[in-house]
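K.L.:
here is a sequence with its predicted model. Questions after.
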4 protein chains.
Amino acid sequence: MQLFLQKGYKAVSYENITRKTRLSKGAIYHYFPSKQDLLVQTFEFLLEAARQRDTAALVAEVRDIPSFKRMYLRMKARQLKSFYSRLNQKQLQFNKVLFFIEAINEYHRLGEIVADLLRQEVDFLRRCMEELKKHRLIPAGKDPESLAQGLFWMLDGAENMLYIRKSRDQARDYLALYKKTLDLFFNLI
Amino acid sequence: MQLFLQKGYKAVSYENITRKTRLSKGAIYHYFPSKQDLLVQTFEFLLEAARQRDTAALVAEVRDIPSFKRMYLRMKARQLKSFYSRLNQKQLQFNKVLFFIEAINEYHRLGEIVADLLRQEVDFLRRCMEELKKHRLIPAGKDPESLAQGLFWMLDGAENMLYIRKSRDQARDYLALYKKTLDLFFNLI
Amino acid sequence: MQLFLQKGYKAVSYENITRKTRLSKGAIYHYFPSKQDLLVQTFEFLLEAARQRDTAALVAEVRDIPSFKRMYLRMKARQLKSFYSRLNQKQLQFNKVLFFIEAINEYHRLGEIVADLLRQEVDFLRRCMEELKKHRLIPAGKDPESLAQGLFWMLDGAENMLYIRKSRDQARDYLALYKKTLDLFFNLI
Amino acid sequence: MQLFLQKGYKAVSYENITRKTRLSKGAIYHYFPSKQDLLVQTFEFLLEAARQRDTAALVAEVRDIPSFKRMYLRMKARQLKSFYSRLNQKQLQFNKVLFFIEAINEYHRLGEIVADLLRQEVDFLRRCMEELKKHRLIPAGKDPESLAQGLFWMLDGAENMLYIRKSRDQARDYLALYKKTLDLFFNLI
DNA sequence: AATGAATGAGCGTTCATTCAT
DNA sequence: AATGAATGAACGCTCATTCAT
């Protein structure tokens, strides 16, 4: 997992894996029938970290913009923590985008899983926006759907920048970036 | 170039290249000392398509929001045209993100070039926003810097979605998507 | 046994064997110290099916050509039955020649055992021919030794063809082929 | 070719080939895209040695049994010479049967080619028998078809024995064996 | 300028075998 | 008696690169 995230799927060889795990090739093949299988299981295991449960409860917390921001950042912090605990590391210099693209290239079903997850994310944001609208915290004439879409794209685009800047302490950066983007978003609308 | 964009850097072999170019390996090595050099030259040649000149003239065209949208889309259309003409193709099913990441991984200086280009893009948007502000077309209290940043992230995040959906006619899709994102943005603010 | 006959020695892996036997590798190694030993024991067990007893009694049955043919085909039918009962199968699509060659290549003593068996087979045919000669059923001037050798080669050559044609119901085919060859032989002489 | 005939297809590794040819793996892959292709080309090249031309002229030589025997042995001698010249060797301890079975297992079309060749062989013998019959050198009531079939099986079966005895000087043995079988055959009928 | 034969390190994978439990 | 985790050599194959011509 650590190797895949650091170097991408293709660039990881069994030689790398055996050195890192201190196991022989045969031992790894004993548990994973192929490199692709290794990827798929890794991918799905990591994706679990991003899966949200109790979104209804989270949406219900939204009373005003500050409460929404707090809730959203808390949720993201929890996801990050789960992600790093699955990695068994406090932090890791990695390239999520490369890993995702190679994973989807290698095994197309993973693309559908990701697309699904993203749809759920937008949907969740839409429900939050509706909640804010109920409390009249969003200017009239702006529909929750568009707001959710716009915020989502903004968050996604912001995150992209991280991989170009390659910062060292990504865990903190993520949250700081999310916060900055939320602030910016609510300043815009 | 076409091969790199379609399959990514690593996945392209000299065998692929010789078949496509109908040249021998030796001939290619005669002009490009290594595969990395082939990548760098390709990358920089393509990046030229995204380089904007006369941004001052473009910014000067901005009088109101519709004029800004028209100008921006025209500029993007020109970039796309230039991009495809460099490719010597009308369109190409490709994966820009994979190509960029692999290119930057392979040769870090390319990352700085891209980062530079992106900064110029945000800067350009900022100047457009200032222009709109001058004409009082943007609500008071929203600073051009943030607006530019937000719009840029939104555009970038929106574009990302394209690679998951893998649309066939990307040239048209790009412009449609940019238009949609601009509309959405001005609806939000 | 079934696997060796179907796929040949080399092509059978312990993975194949554990799946078929539902035993663990360790269990198989507990009884057979190596793959070669597995082969040798299998081979010798199968060869037992071809071993004839009471050849004297069989030869004594020969009174005329029809009685010889009947006796010979009965004997072969019994061998086939014994062979399939050792296999615990009614029939099996297999390649005897590949199995024999690989077995002999792997462990040369098996070659001597087979050669011995074949010599006994020719010898048995020779004694039958002598019996027929006693009853003056064979033209004068044809010695039993040559007749036996000729018939044996004919039977062997005929059998060879089976592996190229790869018939489904080999058990029946064998007997039909033996019968056809015997008829042809006695028509020739 | 030499390696395949000596050890069989499966047992030959690229390591063997590179040592024998003093070429690198890459050089071999430069000319043969796969091991299977190496086999098929070898097989077809060797099979060419067995292909008979001018069978009509050969059949026309048949006037009596001695002339048939001479012609047949001359033809076989020429085939053997062609075979060894293709091998670039005077003689080679080899296992034709293993090579043939593995070749056919690996690429089924080779089986059809061999079956075709064998059919032509029987057909050639049948025409020779008809010629002998015309000269009344074959007892009445024995049809050329059966005689050809019987002789063919006998030759084939006789040849089989060679691989078990593994004689050193196979080239001479072949011809001696063919001669012995022909003599035996004409003694029988 | 251009060819393509040749190299050899490295890849993912299979395999018979060992051994602690 | 029986398990299955672990090994490491060997396999067929791909690749960027070199170089004599």
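P.N.:
That came through fine.
K.L.:
need the pLDDT of A:E112.
P.N.:
pLDDT for A:E112: 91.
K.L.:
any idea how far it is from chain D?
P.N.:
From A:E112 across to chain D, the span is 34 Å (CB to the nearest CB, to the nearest Å). For glycine as for every other residue, the C-beta is placed from the backbone atoms N, C-alpha and C.
K.L.:
let me know the helix or strand that that residue is in.
P.N.:
Using DSSP states H and E, A:E112 sits in helix A:109-134.
K.L.:
can you pull the buried residues of that helix?
P.N.:
Within helix A:109-134, the residues that count as buried by 16 or more other CB atoms under 10 Å in any protein chain shown are A:110-111, A:113-114, A:118, A:121, A:124-133.
K.L.:
other SSEs contacting that helix?
P.N.:
helix A:35-47, helix A:55-60, helix A:65-87, helix A:96-106, helix A:144-165, helix B:144-165 (3 or more CB pairs under 8 Å, 6 or more residues apart in numbering or on different chains; DSSP states H and E).
K.L.:
between those helices, which gets nearest to C:F152?
P.N.:
helix A:35-47 (54.3 Å; CB to CB).
K.L.:
near DNA strand F at all, that closest one?
P.N.:
No - applying CB under 7 Å from any atom of the strand, one finds helix A:35-47 separated from DNA strand F by no less than 12.1 Å.
K.L.:
if we can go back for a sec, which of the helices and strands packed on helix A:109-134 sits closest to DNA strand E?
P.N.:
Closest to DNA strand E of these, according to CB to the nearest atom of the strand: helix A:35-47, at 3.5 Å.
K.L.:
measure how far that closest one is from the centre of its chain, please.
P.N.:
15 Å (CA atoms, centre = their mean, to the nearest Å).
K.L.:
kindly export it (C-alpha atoms) in PDB.
P.N.:
C-alpha atoms of helix A:35-47 as PDB (Å, rounded to 0.1, in the frame of the first residue of the first chain):
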ATOM      1  CA  LYS A  35       0.000  -7.900  -8.900                       C
ATOM      2  CA  GLN A  36      -3.400  -6.700 -10.100                       C
ATOM      3  CA  ASP A  37      -5.100  -8.400  -7.200                       C
ATOM      4  CA  LEU A  38      -2.700  -6.800  -4.900                       C
ATOM      5  CA  LEU A  39      -3.700  -3.500  -6.300                       C
ATOM      6  CA  VAL A  40      -7.400  -4.100  -6.200                       C
ATOM      7  CA  GLN A  41      -7.400  -5.200  -2.600                       C
ATOM      8  CA  THR A  42      -5.200  -2.300  -1.600                       C
ATOM      9  CA  PHE A  43      -7.400   0.100  -3.500                       C
ATOM     10  CA  GLU A  44     -10.600  -1.100  -2.000                       C
ATOM     11  CA  PHE A  45      -9.100  -1.200   1.500                       C
ATOM     12  CA  LEU A  46      -8.000   2.400   1.200                       C
ATOM     13  CA  LEU A  47     -11.300   3.500  -0.300                       C
END
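K.L.:
tell me how far A:N88 lies from A:Q2.
P.N.:
8 Å (CB to CB, to the nearest Å).
K.L.:
likewise for A:Y31?
P.N.:
Distance from A:Y31 to A:Q2, counting by CB to CB: 17 Å.
K.L.:
and A:H135, by the same measure?
P.N.:
For A:H135, the distance to A:Q2 - CB to CB - is 44 Å.
K.L.:
how far away is A:R51 from chain D?
P.N.:
Distance, A:R51 to chain D, by CB to the nearest CB: 44 Å.
K.L.:
that residue - how many residues pack around it?
P.N.:
10 (other CB atoms under 10 Å in any protein chain shown).
K.L.:
hmm, it is touching A:D116, no?
P.N.:
No - contact between A:R51 and A:D116 fails when scored by CB atoms under 8 Å: they sit 10.3 Å apart.
K.L.:
buried ones in stretch A:75-95?
P.N.:
So stretch A:75-95, judged by 16+ other CB under 10 Å, has buried residues A:75-76, A:80, A:83-84, A:87, A:94-95.
K.L.:
how about the residue of chain A found nearest DNA strand F, secondary structure?
P.N.:
Scanning chain A for the residue nearest DNA strand F gives A:G26, at 2.0 Å (criterion: CB to the nearest atom of the strand). Here A:G26 is helix, with the state taken from DSSP: H, G, I helix; E, B strand; the rest coil.
K.L.:
report pLDDT for it.
P.N.:
For A:G26, the model assigns a pLDDT of 96.
K.L.:
what about it, how many neighbours?
P.N.:
Counted with other CB under 10 Å, residues neighbouring A:G26 total 8.
K.L.:
please tell me how far the most centrally placed residue in chain A sits from A:K180.
P.N.:
Centroid-nearest residue in chain A, with CA atoms, centre = their mean: A:A50, separated by 5.7 Å. Shown here: A:A50 relative to A:K180, a distance of 21 Å by CB to CB.
K.L.:
for chain A, which spans come out with low pLDDT?
P.N.:
For chain A, the stretches flagged by pLDDT under 70 are A:164-171.
K.L.:
who's sitting farthest from the centroid in it?
P.N.:
A:G26 (32.9 Å).
K.L.:
any idea how far it lies from A:D54?
P.N.:
Counting by CB to CB, the separation of A:G26 from A:D54 is 43 Å.
K.L.:
over to A:K20?
P.N.:
36 Å.
K.L.:
likewise for A:L125?
P.N.:
Using CB to CB, A:L125 is found at 16 Å from A:D54.
K.L.:
what does chain A put close to DNA strand F?
P.N.:
Checking chain A against DNA strand F by CB under 7 Å from any atom of the strand, the hits are A:22-27, A:29-31.
K.L.:
how would you label A:K179: helix, strand or coil?
P.N.:
For A:K179, the assignment made with three-state DSSP gives helix.
K.L.:
A:T18 reaches A:I28, doesn't it?
P.N.:
Yes - between A:T18 and A:I28 there is a contact under CB under 8 Å: 7.1 Å.
K.L.:
sorry, back to before: got a list of what the residue nearest to the centre of chain A touches?
P.N.:
With contacts defined as CB atoms under 8 Å, 6 or more residues apart in numbering or on different chains, A:A50 is in contact with A:79, A:83, A:117.
K.L.:
now the last one: how far from A:R51?
P.N.:
To tie it back to what came earlier, the one meant is A:L117. Computed as CB to CB, the A:L117 to A:R51 distance reads 7 Å.
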